[in-house]
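Participant: Following is a predicted model, sequence given first.
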Amino acid sequence: MQRQKKFPYLLLIPSMIIMIGLVIVPIVATFFLSLERYKLTEPQNKSFVGIKNYIEVLQSEGFRYSLVNTLFVVIVVIIISLICSIAVALILNKKVRLNGVLTAIAILPWALPPIVNGIVWRFIFYPGFGFMNKMLFYFGIIDEPITYTINRFMLMFIIALIVSWRIIPFCAIIFLSNMQSIPENLYISARMDGANKVQAFFKITLPLLIPSFIVVMTNITISAINVFDEVIALSGYSDIGQTLLVYNYVNTFKFLNFGLGSAITYIIMLISGIAGYFYVKNIYKPIGVRR
C-alpha cells in the first residue's frame, strides 16, 4: 500500500530533475553572475562587484530609453488588446453556424511564431512596396512613401500593434470561455426588467469577466515587456526601437558583458513580477476573493 502511494511521486522525479537543471540552476547562476564583472572579451578581469552592475544599468541612458519604449508598448498593447479581445469574444459568443470556423481563423495570429508575425508586418509597412504605402498612394493621401521605422514612437506603435495582433486571440479565448460560463438566466432576468444589450453587457457580462482579467492582463503585460522578435523583424538592433529585451540582448551578446546582461535580466524579471502581483492583488480585491 505504501509503495502504491509513493509510486506517483517517483514518476515526478525525472521531470523535477529536468526542471531543476533547465530552470532553477540557470536562475541561480544568472543571479550570481549579475554580481560579477564578467566580460567574455576580458575573462582575466572577472571579479565580484556586488550590486554595481544593477546601479550601472539603472543609471544608463540606454536603459531609461528602452524602458520608456517598453512602457509605451505596454500601455498601447493593454488598451488595444483588451478592447479588441472582448469584442472578438462577444462576436464568437454568438451562436452562428460558422462559429467553429471563425474561432479557428481567430487563433491563427497566436499560432504563428512571433518572428513570422514581425516579418509579415514588416512587408505591410515596408517604405517602398509595402501594403500600407500602396493603399495610401491609391487613395491619394500621400505623394511619397513613408518610412515608418525612422520615427521612434511610430515604430513603437507599430510594434505594439503587432504584439496586440498576436495576443488578442489568446485573450479572446479566455474571455469567451468566461462568457460561456455565465448563466443565461441572468440575461433573461435583465431583459424582463427592461435592460437592453448594452446595459446587460456593463451590468452583467463585464463584472463577471473580472476574474479573467487577471490572466489576460498578466499575459498582456508580460508579453509586451518581453517583446523581442517583432522589434528585430522591423528595425533590427537599432537604438531607435530598442526595448528592454533588445537592450539586454545587445549588452549580453553584442558587447559580451554577461555580468551586466544578467543584472538586466533580473531587473526585467522584477518588473514583470511586480506587474503580475499588482494585477492579482488589485483585481481580486473588488470582487472579494479570499487569498
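Facilitator: On my side now, so go ahead.
Participant: list the helices and strands the helix or strand hosting residue 28 packs on?
Facilitator: Counting by DSSP states H and E, the element that carries residue 28 is helix 25-34. Secondary-structure packing of helix 25-34 (3 or more Cβ pairs under 8 Å, 6 or more residues apart in numbering; DSSP states H and E): helix 258-284. Backbone N, C-alpha and C define where each C-beta goes, glycine included.
Participant: buried set for the helix it packs on?
Facilitator: If you call a residue buried by 16 or more other Cβ atoms under 10 Å, then helix 258-284 has these buried ones: 258-268, 271-272, 275-276, 279-280, 283.
Participant: Report pLDDT for residue 284.
Facilitator: Residue 284 carries a pLDDT value of 56.
Participant: Then residue 240?
Facilitator: With respect to pLDDT, residue 240 scores 84.
Participant: and the nearest residue to it once chain neighbours are set aside, how far is that from residue 158?
Facilitator: Nearest residue to residue 240, sequence neighbours excluded (Cβ to Cβ, 6 or more residues apart in numbering): residue 152, at 5.3 Å. Per Cβ to Cβ, to the nearest Å, residue 152 is found 11 Å from residue 158.
Participant: Neighbour count for those two, which is higher?
Facilitator: Legend: neighbour count by other Cβ atoms under 10 Å for residue 152 and residue 158, higher for residue 158 (23 against 16).
Participant: burial measure for residue 213, as a count.
Facilitator: 21.
Participant: so what's residue 139 scoring on pLDDT?
Facilitator: 82.
Participant: How many residues are close by it?
Facilitator: Applying other Cβ under 10 Å, we find 8 residues neighbouring residue 139.
Participant: repeat for the one 10 residues further on
Facilitator: Using other Cβ under 10 Å, the number of residues around residue 149 comes to 20.
Participant: any idea how far it lies from residue 234?
Facilitator: 6 Å.
Participant: intersection of neighbour lists for the two?
Facilitator: Taking Cβ atoms under 8 Å, 6 or more residues apart in numbering as the criterion, residue 149 and residue 234 both touch 125, 155, 158, 241.
Participant: pLDDT-wise, which helix or strand of this structure ranks last?
Facilitator: In the chain, no helix or strand scores lower on mean pLDDT, DSSP states H and E than helix 99-106, which sits at a mean of 71.
Participant: Give me the buried stretch members for that one, please.
Facilitator: Neighbour counts over helix 99-106 (16+ other Cβ under 10 Å) mark 103, 106 as buried.
Participant: Extract the CA atoms of it and return them as PDB.
Facilitator: Provided in PDB are the C-alpha atoms of helix 99-106 (Å, rounded to 0.1, in the frame of the first residue of the first chain):
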ATOM      1  CA  ASN A  99     -18.700  29.800 -35.100                       C
ATOM      2  CA  GLY A 100     -16.100  27.000 -35.200                       C
ATOM      3  CA  VAL A 101     -14.600  28.300 -38.500                       C
ATOM      4  CA  LEU A 102     -14.400  31.900 -37.100                       C
ATOM      5  CA  THR A 103     -12.800  30.600 -33.900                       C
ATOM      6  CA  ALA A 104     -10.100  28.700 -35.900                       C
ATOM      7  CA  ILE A 105      -9.400  31.800 -38.000                       C
ATOM      8  CA  ALA A 106      -9.200  34.000 -34.900                       C
END
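Participant: Figure out how far the helix holding residue 28 is from the centre of its chain.
Facilitator: Counting by Cα atoms, centre = their mean, to the nearest Å, helix 25-34 is centred 24 Å from the centre of its parent chain.
Participant: Same question for stretch 17-32.
Facilitator: On Cα atoms, centre = their mean, the centre of stretch 17-32 falls 23 Å from the chain's centre.
Participant: One more: stretch 256-267?
Facilitator: Relative to its chain's centre, stretch 256-267 lies at 21 Å (Cα atoms, centre = their mean).
Participant: Any regions of this protein where pLDDT drops low?
Facilitator: 1-4, 96-100, 280, 282-291 (pLDDT under 70).
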